[in-house]
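Student: Sequence first, then the predicted structure, then my questions.
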Amino acid sequence: MKNIELFTDGACSGNPGPGGWGAILRWNGHEKTLSGGEKHTTNNRMELSAVIAGLKQLKEPCQVVLCSDSKYVCDAISKGWAQKWKQNGWRKGDKSPALNSDLWEELLGLLEIHSVSIHWVRGHAGHPENERCDAMAVAEAAKAAGASDAAGVADAK
């Protein structure tokens, strides 16, 4: 299996509001950047979208180190929360609906294909790839908002 590094981040102006995501895939000295956005979304949906987009680029099962500053994504995967939500009909332990079940469903399917290890990184702490992903996400959020620059867009962490 190929060893891949996947760096991701999501951003949103308001929560909900216009949002964006950025991802960097790295393999064997090669790098690919991806980004996208939506007019009306949430920060968590953008965080999930970045991971999904990165994993969907992989053409065969891979060993992936996922680096994300999203505790929501990292904990829901590594602590088994998302799997438990699915088993419970997309309900959390307190019986309330689990949010973003459509994206979690897609991500859980991708996690069955790839061997993914989770590495949480502190956001806005100088991690070079996280800073790059954040810049892409903020730019996409601004584009989704129809803004000419990203000055008013910050990620909701």
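Tutor: In hand now; what should we look at?
Student: what packs against the host helix or strand of Leu25?
Tutor: Applying DSSP states H and E as the criterion places Leu25 in strand 17-27. Packing contacts for strand 17-27, counted by 3 or more C-beta pairs under 8 Å, 6 or more residues apart in numbering; DSSP states H and E, involve strand 2-12, strand 30-41, helix 43-56, helix 128-145. Just so you know, the C-beta spots here come from the backbone N, C-alpha and C atoms, and that holds for glycine as well.
Student: I'd like the ones you listed written out as a markdown table, with mean pLDDT added.
Tutor: Formatted as a markdown table, the entries for the helices and strands packed on strand 17-27 read as follows, by pLDDT from 0 to 100:
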| stretch | mean pLDDT |
| --- | --- |
| strand 2-12 | 97 |
| strand 30-41 | 97 |
| helix 43-56 | 98 |
| helix 128-145 | 96 |
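Student: With respect to Cys62, which of the ones you listed lies nearest?
Tutor: For the helices and strands packed on strand 17-27, the distance to Cys62 is smallest for strand 2-12, at 4.7 Å, taking C-beta to C-beta.
Student: now for the closest one, which elements pack on it?
Tutor: In terms of contacts (3+ C-beta pairs under 8 Å, 6+ apart), strand 2-12 is packed against strand 17-27, helix 43-56, strand 62-68, helix 128-145.
Student: tell me the angle of the longest one relative to helix 43-56?
Tutor: With axes from the mean of the first three to the mean of the last three C-alpha atoms, to 10 degrees as the criterion, the two stretches helix 128-145 and helix 43-56 enclose an angle of 110 degrees.
Student: Tell me how far helix 128-145 lies from the chain's centre.
Tutor: Averaging C-alpha positions (C-alpha atoms, centre = their mean, to the nearest Å) puts helix 128-145 12 Å from its chain's average.
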